[in-house]
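Asks: can't give you the sequence, but here's the structure:
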């Protein structure tokens, strides 16, 4: 039997909300804000990184990419744990990413580190759970799509 890949289409609308009345007539004449919209979902107000004249109280593209990476990893970890008979009771991740900006203004991520704190049901094997993190990267849509290394440093607690 030959298995075929399936294609998926993801859509989102980005609507700039930062026109202060003069458009982009000068670098300081506009806000770096926008709404992230998708039919049937709440609107998320976003902004640029505060270092680039953005609003630090709103999510920026870098936050959203690392958040998507962390969430995708978590969802696949939970799936694989369930398949492996490992009972996860809580999962919280403090994800971090290191980026650089070059003198010409071009930026990129150098790496991300996922640092989940995971509570396992008593009697579960943390080494077996740790092995699942490596397997996640065979499946996670986001991790398989980024061009920077993604590491993990999980901490396990027991209920």
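Replies: That came through, no problem. Note that the coordinates shown come from a computational prediction; the quantities given were computed from them, not determined experimentally.

Asks: any idea how far residue 127 lies from residue 144?
Replies: As judged by Cβ to Cβ, to the nearest Å, residue 127 and residue 144 stand 25 Å apart. For the C-beta atoms, the positions are set from N, CA and C on the backbone; glycine is no exception.

Asks: go through the longest strand belonging to the chain and flag the buried ones.
Replies: Taking DSSP state E as the criterion, the chain has its longest strand at strand 107-114. Neighbour-count burial for strand 107-114 flags 109, 112, 114 (criterion: 16 or more other Cβ atoms under 10 Å).

Asks: check which helices and strands it sits against.
Replies: Packing partners of strand 107-114 (3 or more Cβ pairs under 8 Å, 6 or more residues apart in numbering; DSSP states H and E): helix 61-84, strand 96-101, strand 150-152.

Asks: can you say which of those is nearest to residue 136?
Replies: Nearest of the helices and strands packed on strand 107-114 to residue 136, taken as Cβ to Cβ: helix 61-84 at 4.4 Å.

Asks: spatially nearest residue to residue 60 (excluding sequence neighbours)?
Replies: Nearest non-adjacent residue to residue 60, counting by Cβ to Cβ, 6 or more residues apart in numbering: residue 49, 4.7 Å away.

Asks: next one: the one you found relative to residue 112, how far apart?
Replies: Distance, residue 49 to residue 112, using Cβ to Cβ: 16 Å.

Asks: tell me how many other residues crowd the residue nearest to residue 60.
Replies: Using other Cβ atoms under 10 Å, the number of residues around residue 49 comes to 17.

Asks: next one: residue 55
Replies: Residue 55 is surrounded by 17 other residues when neighbours are defined as other Cβ under 10 Å.

Asks: start at 4, not 1
Replies: With 4 as the first residue, the last one maps to residue 58.

Asks: OK, contacts around it?
Replies: Residue 58 makes contact with 34, 35, 36, 50, 51, according to Cβ atoms under 8 Å, 6 or more residues apart in numbering.
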